[in-house]
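Asker: sequence and predicted model, in that order:
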Amino acid sequence: MKILHFILGKANPNRANGVNHVIHGLCKYSALAGHDVRVIGVSTGMKKDYEFVDRDKFQVNVYNKFFGKCFNELKKQAKEVDVVHLHSVWQNYNIIFARYLKSINKPYVITIHSGLTEDRIKQSRYRLKLLYHKLFQKKIFDGAAGLQAITKEEMTDIAKFTINENIFFVQNGIDTDNFVLEEKIYHQERNKIYFGYLGRFGQEKNIYSLIIAISLLSKDELKGLKCFLIGPLDQEGHRLQRLVTALGLNNTIEFTGPIYGSDKYDMLKSLDFYVHPAYSDVVSIAVMEAMASGLPSVITRTSQVSYYYNADAFVMTEPLVKDLKRGLLEMISSKDKWSEMSGNAIGLVKNVFNWKCAVANLLNEYNNILEKEK
């Protein structure tokens with residue numbers, strides 16, 4: 001099968017943005033499965049007009065602007081492939097390219113990447129986004145051969161924005177080549193419990209509530225804890241740093257800055273458990289990487305993990321301060337279960353959250369689409 005992915009960026013897995021990880025994993029494992037994978041990206045911040053990027057098992061052709069050479073190449077490649085895969089929402093390039101794809105009757109799929117959850121839409125220009133969707137985006141949703149949800153819960157979010165009946169669920173995964181996938185062995189020589197969060201500090205990640213929840217713990221409880229917040233220090237990150245200082249938590253909460261590659265995996269391995277306090281997410285890549293590192297987790301229900309709760313790999317909470325505090329205390333008091341939860345987390349990665357499984361499911365959806373097109 002010949003597959004064309006159109007993306008924003010360069011599919012660099014060493015970035016805090018999870019979409020880069022997703023596209024890298026999809027393309028690598030589709031290529032490993034024997035398919036012809038082509039990737040064209042737009043990176044408007046790039047100084048050069050064009051860059052060829054050699055990734056693991058696939059290549060990315062990157063342009064610094066959409067119109068001109070990039071759009072011409074997209075049109076050329078679209079005629080040669082079986083299916084086109086578009087990524088994310090609220091972007092004009094997808095609208096323009098999808099209209100062209102409809103004109104040549106080329107089937108295309110759109111992955112929403114959690115872009116339609118209400119709290120994310122309301123972060124900025126809410127009414128303008130609704131108007132934009134009504135006038136432009138809804139047409140390409142309705143005309144798509146399929147719309148991919150990354151969790152079953154996200155299917156409901158997408159359905160509010162389209163009459164398209166082919167909303168299908170294919171989970172994300174991680175590259176298991178980067179992990180040993182063994183149950184974590186806990187040693188008692190450390191006098192503090194280490195836990196942490198990995199990723200961006202966007203408002204939807206709800207790090208503010210996590211910090212407040214930690215501040216509500218008793219002095220004795222705080223003495224035995226160390227929280228690492230791992231990610232690039234943008235404007236929101238600096239605001240959170242000031243909050244930690246104001247609350248007198250500098251000895252408990254540490255901002256590490258961004259950590260990538262093997263250093264990131266070593267950092268995860270050093271933790272006792274992971275915490276993901278997001279208002280909205282779709283079982284983030286960071287959560288999967290934590291599980292692959294054998295970490296039990298505290299995860300908010302709104303990170304769309306409900307369908308995996310019975311695996312007993314994490315404590316589930318609401319994204320509210322008091323319930324995050326409750327989840328942390330429940331995890332801390334469950335040391336005797338950490339090893340079992342660690343094994344369960346590894347099991348989820350081996351059986352569900354890996355790119356081999358995810359790509360097999362996605363390729364099946366492509367085949368279903370192509371069968372209907374005949």
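Answerer: Perfect, thanks for sending it.
Asker: when you work out contacts or count neighbours from here on, use the C-alpha atoms and nothing else.
Answerer: Will do.
Asker: all helices for the stretch 251-374 of the chain, in order.
Answerer: Using DSSP state H, counting those that start in this stretch, the helices of the stretch 251-374 of the chain run over 261-270, 285-292, 321-332, 338-351, 355-373.
Asker: which of those has the highest mean neighbour count?
Answerer: Across the helices of the stretch 251-374 of the chain, averaging neighbours per residue (mean count of other C-alpha atoms under 10 Å) puts helix 285-292 on top, at a mean of 26.
Asker: run the angle between that helix and helix 261-270 for me.
Answerer: 60 degrees (axes from the mean of the first three to the mean of the last three C-alpha atoms, to 10 degrees).
Asker: and stretch 364-374, C-alpha only, in CSV?
Answerer: Output in CSV follows, covering the C-alpha atoms of stretch 364-374 (Å, rounded to 0.1, in the frame of the first residue of the first chain):
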residue,chain,number,x,y,z
ASN,A,364,-6.9,-2.5,8.5
GLU,A,365,-8.9,0.7,8.5
TYR,A,366,-7.1,1.8,5.3
ASN,A,367,-7.9,-1.5,3.7
ASN,A,368,-11.6,-1.2,4.7
ILE,A,369,-11.7,2.3,3.1
LEU,A,370,-10.1,1.1,-0.1
GLU,A,371,-12.5,-1.8,-0.4
LYS,A,372,-15.4,0.6,-0.1
GLU,A,373,-13.8,2.8,-2.8
LYS,A,374,-13.8,0.0,-5.4
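Asker: need the helix or strand of this structure with the lowest average pLDDT.
Answerer: Here the helix or strand of the chain ranked lowest by mean pLDDT, DSSP states H and E is helix 118-121, holding a mean of 87.
Asker: immediately after that helix, which helix or strand?
Answerer: Counting by DSSP states H and E, the element after helix 118-121 in chain order, helix or strand, is helix 126-132.
Asker: run the chain-centre distance for that following helix.
Answerer: 24 Å (C-alpha atoms, centre = their mean, to the nearest Å).
Asker: what comes into contact with that helix?
Answerer: 90, 121 (C-alpha atoms under 8 Å, 6 or more residues apart in numbering).
Asker: same question, stretch 206-222
Answerer: Applying C-alpha under 8 Å, 6+ apart, the contact partners of stretch 206-222 are 201, 240, 244, 247, 249, 252, 277-279, 319-322, 324-325.
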